[in-house]
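Trainee: Pasted the sequence and its predicted model underneath.
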Amino acid sequence: MANRTDDAQAELDSVEAELEMVELQISELLEKQTKLNSRKNKLLKNLEGACSSAQPSGSSKAPKQAPFSKQDLKHYEKSDFSWSKEVQTKLSSVFQLSKFRPLQQAAINLSMSGKDLFLVMPTGRGKSLCYQLPALCSKGFTLVIAPLVSLMEDQLMSLKSNNVSAVTLNASSTKEDSKQVLAGMIDTNSPFKLLYVTPEKVAKSKLLMSKLEKAYNMGLLARIAVDEVHCCSQWGHDFRPDYKLLGILKRQFPNVPLVGLTATATSNVLKDCQKILCVQEPITLTAPFNRPNLYYEVCFKDNVDCIDQIAALIRGRYKNQSGIVYVFSQKDAEVVATDLQKKDILAQPYHANMEPADKSLVHQRWSSKKIQVVVATVAFGMGIDKADVRFVIHHTISKSIENYYQESGRAGRDDGPADCIVFFGFMDIFRISTMVVMENTGQQKLKNMIAYCQNLDRCRRAMMAIHFDEVWNDKECNQMCDICRHGNDYITMDITQHARDVVEVVEMAGSMDEKLTPLKVCDAWMGKGPAKRRKTIKVTSLSRLEVESIIIHLLLHGYFSEDFSFTPYTTYFYLKLGPKASLLKNGSHSITMKMRRVVSPATVKKVSESAGGKSSAKVEGKRPADSDNKKSVAKKVKTLP
Ligand SMILES: Nc1ncnc2c1ncn2[C@H]1C[C@H](O)[C@@H](COP(=O)(O)OP(=O)(O)OP(=O)(O)O)O1
Ligand SMILES: [Mg+2]
Ligand SMILES: [Zn+2]
C-alpha cells in the first residue's frame with residue numbers, strides 16, 4: 001500500500017513538473033505570438049505608408065492629429081510662399097548652403113505658416129536649420145530648449161561663425177550676461193534671433209517666464225523649438241524630468257508655433273511628447289532613419305589590449321582624422337584619454353564633472369582640430385555637430401540602441417564615409433545593467449543593445465530598422481556594415497548540454513547559499529573557482545569567449561536573469577536562474593546559437609587607411625583591424641566545436 005502511494009506521489013510530482021514546463025512553453029509561445037502580431041501590424045501599416053521616402057503625418061507613426069496628406073506635403077515643399085525668397089536668400093547668404101535636404105523645406109514652410117510640428121529626422125540631417133532659418137525670417141526671437149550645455153555651445157559656435165546673433169541662458173551664465181539677455185528679450189530691435197535655454201531654466205526661473213510673457217505680449221516670441229524632444233517622455237531614452245514641465249510654454253503662449261525635433265522617437269514616445277507639451281494637433285514629418293554613409297561594426301572587446309587596438313585604429317586607419325571615443329564613466333574618460341595620450345594621440349577627456357570652462361575648451365580644441373579625439377561620456381552626445389567626424393568608437397557599449405544611434409550619429413555629418421565601431425565586452429554588460437537598474441525599461445533596452453552586438457547574421461541596419469519600426473530591405477545597406485560586408489562568418493552550435501552545465505553551476509551555488517557574479521560563473525565553469533566547487537562542477541573545455549557568449553545568450557533568452565543586490569555604495573549584479581531554466585530539465589528541449597569563428601588578433605589582415613571605404617574596414621573574425629600591425633599574416637580561422 002505504502003509502495004503504491006509512493007509510486008503515485010512520484011508520478012504526480014513528475015506530471016506536475018511536466019505541466020509546469022508545458023505552461024512555461026505556452027507562456028513563451030504566447031509572448032512570441034504577441035510580439036509577432038505587433039510586428040506584423042507595424043509592418044502592414046508601414047507598407048501602406050511606404051510609397052514615398054518621406055512619411056507625412058497621418059501615417060501609422062504620427063500621433064493623433066489633423067490629417068496631413070501627401071498632397072499637403074507637396075504643397076509645403078513649394079517655394080512660392082510670401083517668405084520663400086527671403087528663406088532661399090538666407091539659406092545661401094547666411095548658412096552657405098545651396099539646397100535643402102529632404103523635408104527641410106516642408107518643415108520650414110510649415111513652421112513659417114504657424115503650424116505646430118514634430119520633425120523626426122536622422123542624426124546629422126539638418127534639423128537645426130528647420131528652426132534657425134525661420135528664426136532669421138521672423139520678427140522677434142525663437143526660444144530653443146536644448147538638453148545639454150555642450151549642445152547649446154556647439155550650436156552657438158556654429159551660428160557665430162555664420163554671423164547669426166544667438167545667446168544662451170544656463171546655469172553657467174554670468175549675472176551680467178543674464179541681465180543683458182533678459183533685457184534683449186523685450187527689446188523691439190531684437191538684438192538676438194535665437195535664445196537657447198535648458199529645460200531647468202524654464203521650469204525654475206520665474207524671471208525668465210515673466211520676460212517671456214512680456215515678449216509674447218509684445219509679439220516678440222516668434223517660435224518655440226524643443227530640440228531632442230524625446231527627452232520629454234520617460235518611454236524615450238534620456239528622459240529628463242524637467243522636460244515634463246515644458247507644457248507650461250504652450251499653455252501660456254498658445255499662439256506661438258512649436259517645433260519638436262528628434263532623431264529617435266517611436267510613435268508612442270511622440271504621442272507622449274504631444275501630451276506633455278500640450279500641443280493640440282501637431283503635424284509630424286518623419287524621414288527614414290538610415291544614414292547610408294555610416295559603416296557599422298562590432299568588435300569583441302579584450303580588456304587587456306582594447307586600448308592598443310583603439311590606438312592602432314586612430315594612428316592607422318584614422319590618421320589625422322577627427323573622432324570620438326565613447327566610454328562608460330567619468331573615470332574611464334580620464335583613464336582612456338591618458339592611455340591614448342601615452343600612445344602619442346592628441347586626446348582629451350570630456351565628462352559632466354569637469355568645470356564648464358574646461359569642457360568648452362576641449363570642445364573648441366576638438367572643433368578647431370587642435371586635438372584629434374575627444375574621449376567622452378554621454379555628456380558629449382546629443383546634437384554635437386562637427387562635420388568631418390570620421391570615426392566614433394565605443395570603448396563600452398551604449399545603454400540602448402537609441403543611445404547608440406544618437407552617439408554614433410555624430411559621425412559623417414558632411415555625408416562623407418565614416419565608421420562606427422563598438423567594442424563589445426562581457427563585463428561592460430553588467431556595469432551598465434547596474435547603472436540602469438532604476439530605469440523603467442532599462443534592462444530591456446540594454447538587452448536590445450546586447451542583441452545588436454551579439455548578432456552574427458543580420459544586417460546591423462536591419463536590426464536598427466526593426467527597433468525603429470521601419471520596413472527595411474537588407475540590400476539597401478550596400479555592404480556598409482560588418483555583417484553585410486564579410487558575410488556569415490559563424491557556425492550554428494547546439495549548446496543544450498553546455499547550457500545545462502552552466503545552469504547547474506548557478507544552481508549549485510544557490511544550494512550553498514552563494515550568489516555568483518557573471519565573472520565568477522565563468523571562472524567556476526572553467527574550473528577556476530574555489531576547490532570545493534571545482535570538485536562538483538562539470539568543467540567546460542570551451543574558450544573564455546565561448547563561455548561568455550553562451551552566458552550572454554542564456555541571459556538574453558531568459559535561462560538566466562539578473563539578481564541585483566544593493567549596498568550603500570554600489571549595486572552588485574549576480575546571475576540567477578531565469579524563468580526558462582527549468583525547460584532544460586526536459587530532455588527534448590534544445591537550444592542552438594550562432595557562434596563566431598575565432599581568429600587570433602595577430603592574424604588580422606592589413607587594412608587601408610580611409611574611413612568607410614570599401615577596403616577600409618576589413619576586419620577578419622570581427623576583430624578590430626590593426627593597421628599598425630606589421631606582422632599581418634594569412635587568416636587562420638579556428639572553427640569552434
Ligand atoms: N541643406 C543642407 N545641405 C548641406 N548641409 C546641411 C544642410 N542642412 C544642414 N546641413 C548640415 C549642417 C550641419 O553641419 C549638419 C547637421 O545638422 P544638424 O542640424 O546639427 O543635425 P541634426 O540636428 O539633424 O542631428 P542630431 O539629431 O544629431 O542633432 O548638416
Ligand atoms: Mg540636433
Ligand atoms: Zn548591413
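Mentor: Cool, got the structure. Ligands and ions are numbered 1, 2, ... in the order given.
Trainee: tell me which element Ser173 is part of?
Mentor: Using DSSP states H and E, Ser173 maps to neither a helix nor a strand.
Trainee: From ligand 3, how far out is it?
Mentor: Distance, Ser173 to ligand 3, by CB to the ion, to the nearest Å: 45 Å. All C-beta atoms are positioned from the backbone trio N, CA, C, and that covers glycine.
Trainee: That residue against Gln180, yeah?
Mentor: No: under the criterion of CB atoms under 8 Å, Ser173 makes no contact with Gln180, lying 9.6 Å away.
Trainee: All the strands of the stretch 351-500 of the chain, residue numbers only.
Mentor: Along the stretch 351-500 of the chain, the segments classed as strands by DSSP state E, counting those that start in this stretch run 373-376, 389-394, 418-424, 490-494.
Trainee: tell me the SS of the residue in the chain that ligand 1 sits nearest to?
Mentor: Closest to ligand 1 within the chain is Gly126: 2.7 Å, counting by CB to the nearest ligand atom. State at Gly126, reduced to three classes by DSSP: H, G, I helix; E, B strand; the rest coil: coil.
Trainee: Glu28 too?
Mentor: helix.
Trainee: Check what pLDDT it gets.
Mentor: We have a pLDDT of 76 for Glu28.
Trainee: what's near enough to touch it?
Mentor: Glu28 is in contact with 558, 580, counting by CB atoms under 8 Å, 6 or more residues apart in numbering.
Trainee: quick one on the thing from earlier: highest mean neighbour count out of the strands of the stretch 351-500 of the chain?
Mentor: Comparing the strands of the stretch 351-500 of the chain by mean neighbour count (mean count of other CB atoms under 10 Å), strand 373-376 ranks first with a mean of 28.
Trainee: elements contacting it?
Mentor: Where contact means 3 or more CB pairs under 8 Å, 6 or more residues apart in numbering; DSSP states H and E, strand 373-376 is packed against strand 322-326, helix 330-342, strand 347-350, helix 356-367.
Trainee: same thing but at 6 Å, please
Mentor: Judged by 3 or more CB pairs under 6 Å, 6 or more residues apart in numbering; DSSP states H and E, strand 373-376 is in contact with strand 322-326, helix 330-342, strand 347-350.
Trainee: Name every strand pairing with it and say which way it goes.
Mentor: strand 322-326 (parallel), strand 347-350 (parallel) (DSSP bridges).
Trainee: that older thread, who's more crowded, Ser173 and Gln180?
Mentor: Taking other CB atoms under 10 Å, Ser173 and Gln180 do not tie; Ser173 has more neighbours (17 against 14).
Trainee: which residue packs closest to that one, ignoring adjacent ones?
Mentor: Computed as CB to CB, 6 or more residues apart in numbering, the closest residue to Ser173 that is not its neighbour in sequence is Val181, at 7.4 Å.
Trainee: Over to Lys90?
Mentor: Leu136 (5.2 Å).
Trainee: where's the one you found relative to Phe81, distance?
Mentor: In this view, Leu136 and Phe81 are 15 Å apart by CB to CB, to the nearest Å.
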